[in-house]
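Asks: This is a predicted model, with the sequence first.
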Amino acid sequence: KLLETYGADQQEIEEFVVLAERANEPGWWHTYRDVLPNWFSAYVSLEAGAQTLRTYEPHYVTGLLQTHAYARAVLRGGFPGEADEDLGRRVDLRLRRQGLLDRPDAPTLWVVMEEAVLHRVVGGPEVMREQIERLLEVSELEHVSVDVVPFTAGAHVGACAPFTYFRFEEPELPDIVYTEVLSG
């Protein structure tokens, strides 16, 4: 009724109603609430809706490109005392997020990582070999770019913390940058 009052045409009204109904549907990641912190739920939501993702990672291969074994080793390092079942759910969540790269409308992903990521042995030599093969494989995809900042680049403004830049198809939605630092 409000849209009619403000002079919206019938097509605009129908599109708005569909969007409003979709906004109330929980995302697939809500089934992982037991191992998904509230703050990360917002991140996964942004990731799922973005048209473009640009991410910088100084420490590990970004979650969207991790293999199962690499993800398990990284998460085990972060949650050393966690039960295997919960750790397995965290790994499943991380790997399921990668499905957005296989969608017909897959976002453009540009990953920039420090050379240290490739030298940091996570999970052992075989896990690293598999992970590097995965990076080479996904870098062949038309919508994925993987760049490495060499050690010779020296100090730079991004070296302190990872961040992800999200851009959305809808022009009304602003670009968003997400970063984690010690204070939040």
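Replies: That came in fine, so what should we check first?

Asks: Okay, domains of this protein per the record?
Replies: According to automatic domain parsing, the chain is divided into the following domains: 1-32, 38-179.

Asks: Just name the most buried of those.
Replies: domain 38-179 (a mean of 15; mean count of other Cβ atoms under 10 Å). Placement of C-beta: from N, CA and C, glycine included.

Asks: Apart from its neighbours in sequence, what residue is nearest R33?
Replies: S41 (7.7 Å; Cβ to Cβ, 6 or more residues apart in numbering).

Asks: my read: that neighbour touches T31, true?
Replies: No - counting by Cβ atoms under 8 Å, S41 sits too far from T31 to count as a contact (11.4 Å).

Asks: so where's the chain uncertain?
Replies: 18-26, 28, 30, 182-184 (pLDDT under 70).

Asks: Helices of that one, start to end?
Replies: Along the chain, the segments classed as helices by DSSP state H run 2-5, 10-23, 38-49, 68-78, 84-97, 115-119, 125-138.

Asks: coming back round to it: and the residue nearest to R33, how far from V35?
Replies: 11 Å (Cβ to Cβ, to the nearest Å).

Asks: Please apply the same query to G123.
Replies: From G123 over to V35 (counting by Cβ to Cβ), the distance is 20 Å.

Asks: Take the helices of the chain and write them to a markdown table, including distance to P104.
Replies: Shown next, in a markdown table, are the helices of the chain (distance: least, Cβ to Cβ, whole Å):
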| stretch | distance to P104 |
| --- | --- |
| helix 2-5 | 31 |
| helix 10-23 | 18 |
| helix 38-49 | 15 |
| helix 68-78 | 24 |
| helix 84-97 | 17 |
| helix 115-119 | 30 |
| helix 125-138 | 17 |
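
Asks: Give me the residues contacting stretch 75-87.
Replies: 34-35, 72, 90-91, 94, 122 (Cβ atoms under 8 Å, 6 or more residues apart in numbering).

Asks: Go again with 7 Å.
Replies: 35, 72, 90-91 (Cβ atoms under 7 Å, 6 or more residues apart in numbering).

Asks: Rebuild the residues you listed as CSV, extending it with distance to E172.
Replies: Formatted as CSV, the contacts of stretch 75-87 follow (distance: Cβ to Cβ, whole Å):
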residue, distance to E172
V35, 33
R72, 39
R90, 34
V91, 36
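
Asks: quick one: which of those residues is nearest to L64?
Replies: The closest of the contacts of stretch 75-87 to L64 turns out to be V91 (Cβ to Cβ; 13.7 Å).
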